[in-house]
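> next input, structure requested:
(3 chains)
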Amino acid sequence: MSDENTNPSDERTGHGSRGFEGVDLDEVVLDDTAEGNQGLFDDLLSGEPIFENKEVLRPSYTPHELPHRKEQINRMATILVAALRGETPSNILIYGKTGTGKTASAKFVSQELERTSLKYEVPCEVEYINCEVTDTQYRVLAQLANKFIENNQIEIGERISELQDIRDGVAAESDQLENTEFSSLNAIEDRISELEADADEMEAVPMTGWPTDRVYNTFFEAVDYQERVVVIMLDEIDKLVEKSGDDTLYNLSRMNSELENSRVSIMGISNDLKFTDFLDPRVKSSLGEEEIVFPPYDANQLRDILQHRADVAFKADALSDDVIPLCAAFAAQEHGDARRALDLLRTAGELAERDQKERVEEGHVRKAQDKIELDRVVEVVRTLPTQSKLVLFSTISLEKNGVHNINTGEVYNVYKHLCEEIDADILTQRRVTDLISELDMLGIVNAVVVSKGRYGRTKEISISVPIDETEAVLQSDSRLSDIDDIQPFMQQARFDS
DNA sequence: TTTCCACCGGAAGATGTGGGAG
DNA sequence: CTCCCACATCTTCCGGTGGAAA
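The predicted model follows:
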């Protein structure tokens, strides 16, 4: 209820780092400095609410209808029906930029698949793994193993109680045995204890501690325990390959030749069209048996999508006519990111709500644009590790002292003084270079390697977020707050370099 | 043309944490 | 308790380099 603004939202838009000029700070930043307390909620409650159902605008919501994705969904379904015939579906690779509906479509198809498999009693399971979170071979295998173990145990449990029912029935009427596959009461008892033993044997994989091959074996046995087709959905698969190579994929794709009862099929989802370049050719060919591309939405399609959801999300007449086209246009500029468009729409609605307006106007969308970006930056900076914060702080200090085209050496000098000041460990310059690169990847700074000829080669760093706000966020960290005037060693640092 | 700066960035390995198994 | 494993974070070492200056 109380998250009506500043929810960070799991938005991650590459290098969004353009102008902040028009940000109205009082409106946007740190709203814990709320206006008076008197009747705070009364006011908000009495305001004519704009939303009917905000949930459908959230990124976590999986719609039942995905406009403009019929073609891709049908392709996926065509490939995956094989599973319902008990055959192994081809492995699928799905490409597309963020917010093109890859994950939503894939999840939709897998839900349908599982639903249908229940209907026709064909054992078929889909497991979803997000490789951005689960980004090592060990963790992927462990997570899969645990899921299958859990499922197996549930099923064994059901089977046992089924058998117990039969046993009890048989015990009561001793001539019913011929209706079952068992020859005697004892046989049933034996089967029950067998199953119980199986269930006991399945040991959950710990987060860490085991050798990887043991995890693999556990996973393998858990999958092979019963006859079925298993689809493993690896979202953001490029992150996994980037971080820990293609061993995982290799192991998964060769599993089929050793499995006896079950079949696995891999469905990889990637943002990066070229990530297969780093793969072992064998993995590459097996993984990319089928490829589906999700092109970015254009402005018209985005408008459609927004309209669909807005009908549900907003009260009738809560949107002025130009709101949806504007959201669509903004998002179309961001490589057709639908998630972005929905975020924009939701945030615009929230802003209008906060303004006690009855309609969302164009201006709210423009404000939302800035707010989303600022919220993202604030959140990223706030959750930075201390060392990175120190590096960023050093860079900002230099910038504020009129040093432009800052280079690594300068940052490092300031950083060293800063560390002494607050009694933090001083990292090596090598490490600081890496931290700067990380800040670059997060879109907080912009670092380019330039050669200054005789005067060496270095990264030229500039800040690509609003400086004062960022500094404020940094200073709200308790460990950085007691940095007082940096002027004294600012001078010093310049002599050093 | 050659030199040489001031760093880049890969590789390997150390350290520390959190968790096994016997 | 000892030894093993995975992993994040950081250090050590070092070869590599674009281009202004000599």
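
> what's near enough to touch residue A:99?
A:331, A:334, A:335, A:336, A:337, A:338, A:339, A:340, A:341 (Cβ atoms under 8 Å, 6 or more residues apart in numbering). All C-beta spots, glycine's among them, are computed from the backbone N, C-alpha and C.

> pull out the buried members of those residues.
A:331, A:334, A:336, A:337, A:338, A:339, A:340, A:341 (16 or more other Cβ atoms under 10 Å).

> possible to save those residues as JSON lines with secondary structure, distance to residue A:203 and pLDDT?
Listed next are the buried ones among the contacts of residue A:99 as JSON lines, based on DSSP: H, G, I helix; E, B strand; the rest coil; distance: Cβ to Cβ, whole Å; pLDDT from 0 to 100:
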{"residue": "A:331", "secondary structure": "helix", "distance to residue A:203": "47", "pLDDT": "93"}
{"residue": "A:334", "secondary structure": "coil", "distance to residue A:203": "46", "pLDDT": "87"}
{"residue": "A:336", "secondary structure": "coil", "distance to residue A:203": "46", "pLDDT": "90"}
{"residue": "A:337", "secondary structure": "coil", "distance to residue A:203": "43", "pLDDT": "93"}
{"residue": "A:338", "secondary structure": "helix", "distance to residue A:203": "42", "pLDDT": "93"}
{"residue": "A:339", "secondary structure": "helix", "distance to residue A:203": "39", "pLDDT": "92"}
{"residue": "A:340", "secondary structure": "helix", "distance to residue A:203": "44", "pLDDT": "92"}
{"residue": "A:341", "secondary structure": "helix", "distance to residue A:203": "46", "pLDDT": "93"}
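
> distance to DNA strand C added to those residues, as a markdown table?
Output for the buried ones among the contacts of residue A:99, formatted as a markdown table (distance: Cβ to the nearest atom of the strand, whole Å):
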| residue | distance to DNA strand C |
| --- | --- |
| A:331 | 32 |
| A:334 | 29 |
| A:336 | 32 |
| A:337 | 27 |
| A:338 | 30 |
| A:339 | 26 |
| A:340 | 28 |
| A:341 | 32 |
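
> relative to DNA strand B, which of these is nearest.
Among the buried ones among the contacts of residue A:99, residue A:334 lies closest to DNA strand B (Cβ to the nearest atom of the strand), at 26.5 Å.

> tell me the one of the contacts of residue A:99 nearest residue A:168?
Taking Cβ to Cβ as the measure, residue A:339 is the one of the contacts of residue A:99 closest to residue A:168, at 53.6 Å.

> mind checking the SS state of the nearest residue in space to the closest one that is not next to it in sequence?
Once flanking residues are discounted, residue A:339 sits nearest to residue A:99: 3.8 Å by Cβ to Cβ, 6 or more residues apart in numbering. Three-state call for residue A:99 (DSSP: H, G, I helix; E, B strand; the rest coil): coil.

> go on, residue A:49?
coil.

> check contacts around it.
Taking Cβ under 8 Å, 6+ apart as the criterion, residue A:49 is in contact with A:315, A:353.

> that one and DNA strand B: what is the separation?
According to Cβ to the nearest atom of the strand, to the nearest Å, residue A:49 stands 44 Å off from DNA strand B.

> quick check: residue A:294 touching residue A:93?
No. The pair residue A:294 / residue A:93 is not scored as a contact, 11.4 Å apart, by Cβ atoms under 8 Å.

> ok, residue A:105 - how many residues close by?
A count of nearby residues for residue A:105, using other Cβ atoms under 10 Å, gives 24.

> in a helix, that's where it is, yeah?
Yes. Using three-state DSSP, the secondary structure at residue A:105 is a helix.

> which pLDDT does the model give it?
On the pLDDT scale, residue A:105 is placed at 94.

> now residue A:114
On pLDDT, residue A:114 comes in at 93.

> report how many residues lie close to residue A:76.
By the measure other Cβ under 10 Å, the count of residues near residue A:76 is 24.

> again, but for the one 3 residues further on
Residues contacting residue A:79 under the criterion other Cβ under 10 Å number 19.

> how much space between it and residue A:290?
Using Cβ to Cβ, to the nearest Å, residue A:79 is found at 5 Å from residue A:290.

> thanks a lot, catch you later.
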